[in-house]
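Q: Fold the stuff below for me.
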Amino acid sequence: QVQLVESGGGLVQAGGSLRLSCVASGRTERRYIMGWFRQAPGKEREFVATISRGGGTTHYGDSVMGRFTISRANAKNTLYLQMDSLTPEDTAVYYCAAAQAFTNVPMRNDLDYDWWGQGTQVTVSS
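A: Sure, this is the predicted structure:
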């Protein structure tokens with residue numbers, strides 16, 4: 001079992017930045033593929049970004065490409081999401097997730113992830 005706890009959400013003006021963190025605990029002796037997803041009210045959960053076990057490979061959703069950066073600090077069991085140039089359309093609950101799978105295929109589907117955090121709210125005002 002892996003427990004994930006997100007933090008760093010909040011209220012920010014359009015054009016601003018936030019950095020989300022996700023700390024893993026439990027069976028962290030293994031590394032996992034990690035991802036960020038988000039869900040806005042009335043919408044389906046959306047893929048944001050994913051990162052490989054070593055951190056060398058990343059993939060992003062089209063709506064955040066060039067504005068968001070996913071990274072990880074394995075020694076700290078921590079995943080990050082740097083969000084720049086935020087717009088009101090980025091308003092959502094952001095979730096981090098961990099996957100046990102061994103694959104080089106980008107993990108964009110939320111069904112492929114095994115553990116989830118409780119989410120952190122990000123609100124961008126216009």
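Q: Mind listing the residues bridging to the residue nearest in space to the middle of the chain?
A: Ranked by distance to the mean C-alpha position of the chain (C-alpha atoms, centre = their mean), the top residue is residue 36 at 2.1 Å. Counting by DSSP bridges, residue 36 is bridged to residue 49, residue 96.
Q: what's near enough to touch it?
A: 20, 22, 48-50, 68, 70, 79, 81, 94-97 (C-beta atoms under 8 Å, 6 or more residues apart in numbering). C-betas here are computed from N, CA, C, even on glycine.
Q: Of those, grab the buried ones for PyMOL.
A: Burial among those is assessed by 16 or more other C-beta atoms under 10 Å; the matching PyMOL selection reads:
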select buried, resi 20+22+48+49+50+68+70+79+81+94+95+96+97
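Q: Specify which member of the contacts of residue 36 is nearest to residue 117.
A: For the contacts of residue 36, the minimum distance to residue 117 (C-beta to C-beta) is 4.8 Å, reached by residue 96.
Q: Who are the contact partners of that closest one?
A: Residue 96 touches 4, 6, 20, 22, 34-36, 79, 81, 116-117, counting by C-beta under 8 Å, 6+ apart.
Q: Output the contacts of residue 36 in CSV, with distance to residue 28 and pLDDT appended to each entry.
A: Output for these, formatted as CSV (distance: C-beta to C-beta, whole Å; pLDDT from 0 to 100):
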residue, distance to residue 28, pLDDT
20, 19, 98
22, 12, 98
48, 22, 98
49, 20, 98
50, 18, 97
68, 24, 98
70, 18, 98
79, 11, 97
81, 19, 98
94, 21, 98
95, 18, 98
96, 13, 98
97, 14, 97
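Q: from the contacts of residue 36, which two are the most distant?
A: Every pair of the contacts of residue 36 checked by C-beta to C-beta; the farthest is 68 and 97, at 15.5 Å.
Q: can you tell me which residues contact the residue sitting furthest away from the middle of the chain?
A: Most distant residue from the mean C-alpha position of the chain: residue 126, 23.0 Å away (C-alpha atoms, centre = their mean). Neighbouring residues of residue 126 by C-beta under 8 Å, 6+ apart: 14, 88.
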